[in-house]
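> Curious how this folds, go ahead:
(one chain, ligands or ions: 1)
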Amino acid sequence: MLVLRFKPYTLQLKYPFGIAGNTRTTTPIVLTELEYDGVIGYGEASLPPYLGETQESVQLFLSQLSLNHFSPFEPKEILIYVNNLLPGNTAAKASVDIALHDLFGKLNSIPCYKMFGANPALMPKTSITIGIDTEEVIAKKVNETIGFDILKVKLGSVDDKKIINAIRKVTNKVLSVDVNQGWKDKHFALEMIEWLNEQNVLFVEQPMPKEMLNEISWLTERSPLPVIADESIQRLSDLDNIKNAYNGINIKLMKCSGMYEASKLIDKAREYNLKILIGCMNESSCANMAAAQLAPLADWVDLDGPFLINNNPFKDPEIKEGKIVLSELPGIGLELNTSSSL
Ligand code: MG
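Numbers count the residues shown, from 1 in each chain. So this is what the prediction gives:
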């Protein structure tokens, strides 16, 4: 019999997490377990406040599921049932999707990346985020990024050039930039991107508010750097709307309801000739390793969640040459710290 368990948990961030719009020191999550025949699959819902789900809403959603009569060997039936139960609730759905993929992999002794046809040898390097902060703290953060070759910089404040200059004083590492909708004027945005193009930057994520799609199209046409959608795209059904306004999309399991839909998004984005970034929220190794299973299919990877927290309930992912290592372990390859049974 398939049994679902879940419990709330609070991730403590190493540094207050500053992005355009807000700063916070913790992120609520819900950890899930799906057990079948003594084998346990692990899942996670990460709940940054701006997405609207809470520990309460996730627990309410999960408590309404009745999975007992389903077979874990028919995962698609379960995913359809979970997806159709209620609209929204994408992080709650992802927590089941991840646990189910982990369980399915373990029951079949296969790592999830193999199920998706992903080749670990093609894993891109992952970036690690530097949140908005004072010049001194930014320098300290940069010095703590040993092992990572790409820094993701959060812009969208009035001090954007100052932040980049502060980083460039202490490192020549490649940068990616996330504006989190912070620039409100297309001409200013273009000027900034042209300036960033001289700063060894890979791409610019969500430069302007998602509602300003025409302005973003205008910007993308002229931008010397790829312009990537994040807040503009949640699920597969959003893709047609925005596909002509951007050069690529940031896929996150918590937005799109999990690994299954993420793989569909990857396929569709490729069809549309869009670049693919695999990203994450503040997450433990659980959701992070789940996303990493798909990451070799992406152009860029931003899976730094576990490295920004100091109470990861699981082992940190292994990083080698700036890349997350995918092992031969079945499922999502998650390793427990201690006995963390719910
Ligand atoms: Mg983003």
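
> Could you chop the protein up by domain?
Listed domain ranges for the chain are 3-109, 114-324 (source: automatic domain parsing).

> any idea how far the last one is from the chain center?
For domain 114-324, the gap between its own C-alpha mean and the chain's C-alpha mean amounts to 9 Å (Cα atoms, centre = their mean, to the nearest Å).

> Now do that domain, average pLDDT.
Domain 114-324 comes out with an average pLDDT of 96.

> Near the residue of the stretch 151-300 of the chain found nearest the ion, how many other residues are there?
Using Cβ to the ion, the single residue of the stretch 151-300 of the chain nearest to the ion is D230, 3.6 Å away. Yep, even glycine has a C-beta here, placed from its N, CA and C like the rest. Counted with other Cβ atoms under 10 Å, the neighbours of D230 add up to 22.

> I242 and I216, how far apart?
8 Å (Cβ to Cβ, to the nearest Å).

> end to end, how far does stretch 277-285 reach?
Using Cα to Cα, to the nearest Å, one end of stretch 277-285 lies 18 Å from the other.

> Can you name every helix or strand that the longest strand anywhere in the chain contacts?
Ranked by residue count, the top strand of the chain under DSSP state E comes out as strand 3-19. With contacts taken as 3 or more Cβ pairs under 8 Å, 6 or more residues apart in numbering; DSSP states H and E, strand 3-19 sits against strand 22-36, helix 55-63, helix 90-107.

> Do any residues in that strand lie close to the ion?
No: for a cut-off given as Cβ under 5 Å from the ion, strand 3-19 has no contacts with the ion; the smallest distance is 7.9 Å.

> now the angle from that strand to helix 55-63?
Interaxial angle of strand 3-19 relative to helix 55-63 (axes from the mean of the first three to the mean of the last three Cα atoms, to 10 degrees): 150 degrees.

> residue ranges of the helices in the stretch 51-200 of the chain, please?
All helices of the stretch 51-200 of the chain, identified by DSSP state H, counting those that start in this stretch, fall at 55-63, 75-85, 90-107, 112-115, 135-143, 160-170, 186-196.

> For the domains of the chain, could you give me a markdown table that also reports distance to E335?
Shown next, in a markdown table, are those (distance: least, Cβ to Cβ, whole Å):
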| stretch | distance to E335 |
| --- | --- |
| domain 3-109 | 10 |
| domain 114-324 | 4 |
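
> If anything else comes up later, I'll come back, but that's it for now.
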